[in-house]
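# Coordinates for the following, if possible.
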Amino acid sequence: MDSFFPEGTRVWLRENGQHFPSTVNSCAEGVVVFQTDYGQVFTYKQSTITHQKVTAMHPMNEEGVDDMASLNELHGGSIMYNLYQRYKRNQIYTYIGSIIASVNPYQSIAGLYERATMEQYSRCHLGELPPHIFAIANECYRCLWKRHDNQCVLISGESGAGKTESTKLILKFLSVISQHSLDLSLQEKTSCVEQAILQSSPIMEAFGNAKTVYNNNSSRFGKFIQLSICQKGNIQGGRIVDYLLEKNRVVRQNPGERNYHIFYALLAGLGQGEREEFYLSLPENYHYLNQSGCTEDKTISDQESFTQVITAMEVMQFSKEEVREVLRLLAGILHLGNIEFITAGGAQVSFKTALGRSAELLGLDPTQLTDALTQRSMFLRGEEILTPLSVQQAIDSRDSLAMALYARCFEWIIKKINSRIKGKEDFKSIGILDIFGFENFEVNHFEQFNINYANEKLQEYFNKHIFSLEQLEYSREGLLWEDIDWIDNGECLDLIEKKLGLLALINEESHFPQATDSTLLEKLHNQHAVQYDVRGILEKNRDTFRDDLLNLLRESRFDFIYDLFEHVSSRNNQDTLKCGSKHRRPTVSSQFKCAVQAFHREDVAMPGPIDESLFCASR
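Alright, predicted model coming up:
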């Protein structure tokens, strides 16, 4: 041992199945003491140490490398150590071949994203400069012309990894490089489209992002942004596809979390006149904002956010009247949440002020709103039957109404943005998938199930691209290599996707009107052992709300709200046993599955095959 590992030698120590970067502290009297870089101390008899237990660290690995494909020792320990060494030097980006790993610094790094940095990376090929997200974006753009195929960037990682910021950086870089392809006379004309695409971010973040326990700007929906590129090389349009907005956040949040940013921005940014007109006060006074015990975040300026959103809406050509309609709807939702109920022969509204204000702001008749919230209306043999609701059922009706209003408003905003940035699709495109971060809360609901399913699907894609295809390429080129033992998540996906899998059972139960969370739980336990909270899964999956609530909104005296719900399907005509499967309204999870699988097949919104560049964001 003395001749191979003298004191001070840098080694890899394998302990409990992991490799630790370590230093030989002492080697005397047949005993060797190792200290890891993470503070642990391990002592072994020299006679028990094998090469499987301890190996010398290559000097290159100790210093850190730009591309981890060049590591001499390739295992989990060397990968994490390399990332750590670079992170300490503010080198937050590291390549793995054509993939880039990012470690969120949670601080600004001077010069990292300036215009000069963009110009520098736009003139170089991948690998000629230190790892950077701009290099990935530039390679993606170059491959349009090199391979004559559509391109796509996948942004993946846990919640809080920095995926949303990475998406904005890629968009910003592509906008700059797009301008390089134009004559000066054309730049002013096309910059309007590019500016609109960039300005869509503040709007989508305000309405689709929120503070969670993981970070203060967590995307609560997935999005796929497609940029249309013309033959001259500039961006001539785009479109946004959104996935699975977390609607229940509108009415309840976990402790320490907030509702969507836009509610707090609204209360902080409105002028005194509109505040009085909308009967608005402080966040602490609204049930939909005060349940979690967190109404503010010192790292977020809600007033500044409001200004940014209004400015962005102006750039996106929202009319003043449209902006006003959206703000009034948001105020109506806040007052709706303050409606309380008591039991008096069924649920009765106990706080008339909140009901009156919400009815006024939503353009509804107060009496009709009261009736819709406290009793259920059904037609049997042509006769209307009214059934009183319990207090809990009335609360569910109130929350269902609020979620529907917000979700339809969000959809309208995305459509409005798409109509503004739409352009010709006559050549090629670059797609950017900013998917939800993987989440594992103390209690996991329907949203976490779908989010984690999407990430498992991306992991399968990653495994195939990195391991299977790369090893196949090695064999084709006659290179010597050792088979890499990697974790296949196929069994996990089979559990979710296949016949009698979780998705099939949830969807099957969703089509039975008499099914409950308890019957779903029984089916899931009979087939599988799951750790998701089933409460509310069926209703969320059906994504419907009562016909009388729907009809109420269609009678709003405001055209904006009427238009939001004009084409919403009625429950009476959907999801019943009498309807064949061809006529059933698709469930949320089935639509989400189709979207995820379509992207996995590389054909989402694309006229041709995709040649992908991957960006992997991870904490």
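
# thought residue 500 was touching residue 527?
Yes - under the criterion of CB atoms under 8 Å, residue 500 makes contact with residue 527 at 5.7 Å. Backbone N, C-alpha and C define where each C-beta goes, glycine included.

# tell me, what residue is most central in the protein?
Among the residues of the chain, the one closest to the centroid is residue 436, at 2.5 Å (CA atoms, centre = their mean).

# So that residue versus residue 244, what's the distance?
8 Å (CB to CB, to the nearest Å).

# between those two, what contacts are shared?
221, 222, 451 (CB atoms under 8 Å, 6 or more residues apart in numbering).

# need the contact list for the second one.
Read it as residue 222. By CB under 8 Å, 6+ apart, the neighbours of residue 222 are 242, 243, 244, 433, 434, 435, 436, 451, 454.

# at 10 Å instead, please
Residue 222 sits next to 163, 208, 241-245, 433-437, 450-451, 454, 592, 595-596, 599 when contact means CB atoms under 10 Å, 6 or more residues apart in numbering.

# nearest to residue 177, of the shared contacts of residue 436 and residue 244?
Nearest to residue 177 among the shared contacts of residue 436 and residue 244 is residue 222, at 25.6 Å by CB to CB.

# List phi and psi for the nearest residue to that closest one once chain neighbours are set aside.
In space, and not counting its chain neighbours, residue 222 is closest to residue 243: 3.7 Å by CB to CB, 6 or more residues apart in numbering. Dihedral pair for residue 243: phi -130, psi 130, per degrees, to the nearest 10.

# Could you report the neighbour count for residue 243?
Neighbour count for residue 243, taken as other CB atoms under 10 Å: 20.

# ok so, going back, specify the local secondary structure of the residue nearest to the centre of the chain.
Using DSSP: H, G, I helix; E, B strand; the rest coil, the structure places residue 436 in coil.

# residues in contact with it?
Counting by CB under 10 Å, 6+ apart, residue 436 has contacts 156, 158-159, 163, 218-223, 243-244, 246, 447-448, 450-452, 454-455.

# so how far does stretch 205-214 reach from one end to the other?
16 Å (CA to CA, to the nearest Å).

# should've said stretch 282-291
14 Å.

# cool, and stretch 229-242?
For stretch 229-242, the end-to-end distance is 21 Å (CA to CA).

# what's the burial count for the residue lying closest to residue 292 once chain neighbours are set aside?
Leaving aside its sequence neighbours, residue 292 sits nearest to residue 253 (CB to CB, 6+ apart; 4.2 Å). Burial measure for residue 253: 23 neighbouring residues, criterion other CB under 10 Å.

# Could you look up the SS state of residue 253?
Under three-state DSSP, residue 253 comes out as coil.

# Quick check: phi and psi at it.
Main-chain torsions, residue 253, degrees, to the nearest 10: phi -140, psi 160.

# Look up how far residue 401 lies from it.
Distance, residue 253 to residue 401, by CB to CB: 18 Å.

# cool, and residue 552?
From residue 552 over to residue 401 (counting by CB to CB), the distance is 8 Å.

# Next, the buried residues of the lengthiest helix in the chain.
Secondary structure of the chain per DSSP state H: the longest helix is helix 391-421. If you call a residue buried by 16 or more other CB atoms under 10 Å, then helix 391-421 has these buried ones: 391, 393-410, 412-414, 416-418, 420-421.

# Also stretch 128-135?
Judged by neighbour count using 16+ other CB under 10 Å, the buried positions of stretch 128-135 are 129, 131, 132, 133, 134, 135.

# all helices of the stretch 151-300 of the chain, in order?
163-180, 184-208, 261-269, 272-277, 287-290 (DSSP state H, counting those that start in this stretch).

# An error on my part: the question was meant for the stretch 351-500 of the chain.
Counting by DSSP H, counting those that start in this stretch, one finds helices in the stretch 351-500 of the chain at the ranges 352-362, 366-374, 391-421, 446-463, 469-476, 490-497.

# List just the one of these that sits closest to residue 60.
It's helix 469-476; of the helices of the stretch 351-500 of the chain, that one is closest to residue 60 (CB to CB) at 21.2 Å.

# roughly how far is the closest one from the heart of the chain?
Offset of helix 469-476 from its chain centre (CA atoms, centre = their mean, to the nearest Å): 33 Å.
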